[in-house]
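Trainee: need a structure here:
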Amino acid sequence: MFERFPTFTQTFCVREILELERLGVQVQIFSIHDTREESIRHFPAELMDRVHFLPQEECLIELIKQWKESNLLPQSVVLTLRQWGDRPDKMRVYEAAYISHVLKKMGSDAPWHTHSHFAGIGARTCWWLRKFHGTSFSFTAHANDIFCNQSESIPSCAQLVRDASLVVTVSDFTARQLREKHPDAAHRVRRVYNGLDLEPSWPPGLR
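Mentor: I've put the predicted structure just below:
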């Protein structure tokens with residue numbers, strides 16, 4: 001689950017997905033924002049064709065309303081949309097409702113496991129999927145998502161850490177910081193470096 005994928009600033013995420021697939025993991029890729037108009041691309045061309053891009057905000061809201069009127073949404077989603085009002089971050093509810101409906105149409109019933117790189121929009125959408133369907137989720141905490149104040153976000157970073165089955169981070173510094181800030185979830189924090197394949201840059205005689 002991505003806020004924006006694929007994009008030229010996140011080549012490390014592309015490498016993660018390609019490695020998961022090399023290991024035999026079946027991955028469905030969702031991107032909240034559409035990146036097909038980006039001109040700079042550092043990823044296999046066929047990867048773009050496999051990404052499920054969510055509709056733009058107005059279209060997404062209208063589509064969810066139609067599904068709601070047709071009784072195609074779980075009661076947990078319907079009640080949440082009814083009670084949420086104008087509180088912040090409501091689009092995460094719509095996004096989670098859309099993704100779960102698409103997965104069901106694809107023949108993929110819960111339970112799933114969802115993962116998001118960055119503890120931001122994508123991770124909060126994963127959190128709502130967990131709330132609606134009891135599915136597990138994890139996220140990679142990295143950069144401004146943990147170093148900047150997100151006090152109006154629902155769920156908060158603290159809630160994400162509390163409810164995730166795994167919290168990955170990319171350095172010993174951030175791992176230590178997360179464990180100290182969230183001691184009850186310290187055992188779920190794991191440091192995993194962003195790997196880099198150096199072989200293409202080696203001199204031919206050293207390959």
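Trainee: going forward, measure contacts between C-alpha atoms and count neighbours the same way
Mentor: Will do.
Trainee: which neighbouring elements make contact with the helix or strand of the chain with the lowest mean pLDDT?
Mentor: Lowest on mean pLDDT, DSSP states H and E among the helices and strands of the chain sits helix 144-147, with a mean of 75. When contacts are defined as 3 or more CA pairs under 8 Å, 6 or more residues apart in numbering; DSSP states H and E, helix 144-147 packs onto no helix or strand at all.
Trainee: and A158, that one's in a helix?
Mentor: Yes. When DSSP: H, G, I helix; E, B strand; the rest coil is applied, A158 is found to be in a helix.
Trainee: from what I can see it touches D184, true?
Mentor: No. A158 is not in contact with D184 according to CA atoms under 8 Å; the separation is 10.5 Å.
Trainee: any idea how far the least confident helix or strand of the chain is from the chain center?
Mentor: Distance of helix 144-147 from its chain centroid, counting by CA atoms, centre = their mean, to the nearest Å, is 15 Å.
Trainee: in it, which residues are buried?
Mentor: If you call a residue buried by 16 or more other CA atoms under 10 Å, then helix 144-147 has these buried ones: D145, I146.
Trainee: same check, this time on stretch 13-20
Mentor: C13, V14, R15, I17, L18.
Trainee: show me where this structure has helices.
Mentor: Along the chain, counting by DSSP state H, helices occupy 11-22, 45-49, 57-69, 75-84, 90-105, 121-133, 144-147, 157-163, 172-181.
Trainee: residues contacting the third one, please?
Mentor: It refers to helix 57-69. The contact list for helix 57-69 (CA atoms under 8 Å, 6 or more residues apart in numbering) reads L54, L73, V78, M91, Y94, E95, A97, Y98.
Trainee: from these, pick the one nearest F139.
Mentor: Closest approach to F139 among the contacts of helix 57-69 (CA to CA): E95, at 16.8 Å.
Trainee: please give me every residue in contact with the closest residue to that closest one other than its chain neighbours.
Mentor: In space, and not counting its chain neighbours, E95 is closest to T125: 6.5 Å by CA to CA, 6 or more residues apart in numbering. By CA under 8 Å, 6+ apart, the contact list for T125 reads R92, V93, E95, A96.
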